[in-house]
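> Okay, predicted coordinates and the sequence, questions at the end:
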Amino acid sequence: MNVGITGVAYALPARTELTDDLQQRVADGLPVPAGLFRRTTGIVRRHVAADHEYASDLAVDAATKVLAETGADPLDVDLLLFASATRDMTEPATAHIVQAALGSRGHALDVTNACNSFLNGIDLARSMILAGRARKALVVTGETPTRAMRPRLQGLSQARTAFAGYTFGDAGAAVLVEPVGSGGILDVDTETHSEHWEAGGIFGGGSRHPRSVEHTYFTGDGAKLRTVFERIGAGLIERVADRTGWGWDDYARVLVHQVTLPYLERFVAVTGVPRDKLEVTVDELGNMASASIGVQLGRVRGELRAGDRVLMIGLGGGVSLMTMVWEVS
């Protein structure tokens, strides 16, 4: 049996914020040159969820579009995965909030693995369908990582550990996963190096720091994360090529998790991927965590034809990398 993606959509909050305005807001009074955040990240603006707008709202918006696009009845969805780094709350699973809004009645649970959550969710949905545990799966993400930005920097030392958080933008995405007659998800691979879990994250809310406001802000070593990803990422992509026999020319599009524009340029230099295969979103939408690839997929879906292959490459804190090859049915 082949299993593939039959519908895709994304959602963006209405509110936007310029990176120059963000820098002025958080670094006012510090000796930081004007425009430094924008020049360093290549991010001009990003969408920011309103105060009353939650991760589940973005997921519901995207999921509603997918159901309308495919004509699927919510009651036919027998597996709903909220696959996101952000959640509405610690408990219950945000998947239940999404399901209640959609009116579906399937098995609902959260899947979380930082920025790889959405790809992990698609892979899990495919696996459960192949195992006979589901027939029609809705995989959704809703990311509001801008709420993990430190609202005001107290000094340059703090700026170094908080800076990666200022790349964030908010978004949601959704895909419908089900059996298809041909094509579908043809190849999946993963690489995990958990010894680097402390390199970056939001460390509050769990049993280590259950009530610490300080640990609700993203902190991390962006340079270390980049070094780890560069060291192990190229080998993973070479492995996919060796196994499938497919090179860059065999893909209509290559979608990669985007953190900053210089980071993306480095990815192009290291892997040799043709620039026109990419869908660049980071300059206008920022680092959308696990929604990054879902938004890119939604933007390119209209140009894809049956038989086109898309290579998706995920990177996530922890750290983990993931590839997925999808052939349009």
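That came in fine, so what should we check first?

> C-alpha only now, for contacts and for neighbours.
Fine.

> and stretch 165-175, C-alpha only, in CSV?
In CSV, the C-alpha atoms belonging to stretch 165-175 read as follows (Å, rounded to 0.1, in the frame of the first residue of the first chain):
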residue,chain,number,x,y,z
GLY,A,165,14.9,33.3,19.9
TYR,A,166,14.6,36.5,17.9
THR,A,167,14.5,34.5,14.7
PHE,A,168,11.0,33.2,15.5
GLY,A,169,7.8,33.7,13.6
ASP,A,170,4.3,32.2,14.2
ALA,A,171,2.4,30.0,11.8
GLY,A,172,0.3,26.8,11.5
ALA,A,173,0.1,24.0,8.9
ALA,A,174,-1.9,20.9,8.2
VAL,A,175,-1.7,17.9,5.9
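
> Pairing partners for the helix or strand where residue 186 lies, with directions?
Residue 186 is part of strand 184-192, with elements assigned from DSSP states H and E. Note on strand 184-192: by DSSP bridges, its sheet partners are strand 320-327 (antiparallel).

> sorry, back to before: after the strand holding residue 186, heading C-terminal, what element do we hit next?
Following strand 184-192 in sequence, per DSSP H and E, is strand 200-201.

> Go ahead and confirm residue 11 touches residue 62.
Yes: under the criterion of Cα atoms under 8 Å, residue 11 makes contact with residue 62 at 5.1 Å.

> joint contacts of these two?
By Cα atoms under 8 Å, 6 or more residues apart in numbering, residue 11 and residue 62 have these common neighbours: 172-173.

> Any idea which helix or strand in the chain has the lowest mean pLDDT?
Of all helical and strand segments in the chain, the minimum by mean pLDDT, DSSP states H and E falls on helix 222-244, at a mean of 86.

> before we move on, the earlier item: got a list of contacts for the strand holding residue 186?
With Cα under 8 Å, 6+ apart as the test, strand 184-192 has contacts from 2-5, 123, 232, 236, 240, 318-329.

> ok, now stretch 146-166?
Residues contacting stretch 146-166 (Cα under 8 Å, 6+ apart): 25-27, 30, 37, 48, 145, 168-170, 202, 216-222.

> Stretch 70-80 now?
6-7, 67, 95, 99, 102-109, 125, 134-140.

> what's the span of it, first residue to last?
End-to-end distance for stretch 70-80, by Cα to Cα, to the nearest Å: 16 Å.

> before we move on, the earlier item: dump the C-alpha coordinates for the strand holding residue 186 into CSV.
Written as CSV, here are the backbone C-alpha positions of strand 184-192 (Å, rounded to 0.1, in the frame of the first residue of the first chain):
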residue,chain,number,x,y,z
GLY,A,184,3.2,8.9,-1.9
ILE,A,185,5.9,9.0,0.8
LEU,A,186,8.6,6.9,-0.7
ASP,A,187,11.6,7.3,1.6
VAL,A,188,12.1,8.4,5.2
ASP,A,189,15.4,8.7,7.2
THR,A,190,16.5,10.1,10.5
GLU,A,191,19.7,10.9,12.4
THR,A,192,19.6,11.7,16.1
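
> Name all residues that make contact with the residue nearest to the spatial centre of the chain.
Using Cα atoms, centre = their mean, the residue of the chain that lies closest to the mean C-alpha position is residue 290, 1.6 Å off. Contacts for residue 290 were tallied using Cα under 8 Å, 6+ apart; they are 83-85, 114-119, 141, 143, 257.

> okay if I get the residues you listed as TSV plus distance to residue 297 and secondary structure?
Listed next are the contacts of residue 290 as TSV, based on distance: Cα to Cα, whole Å; DSSP: H, G, I helix; E, B strand; the rest coil:
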residue	distance to residue 297	secondary structure
83	16	strand
84	16	coil
85	18	coil
114	19	coil
115	15	strand
116	15	coil
117	15	helix
118	12	helix
119	12	helix
141	13	strand
143	16	strand
257	11	coil
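
> Brilliant, that's me finished.
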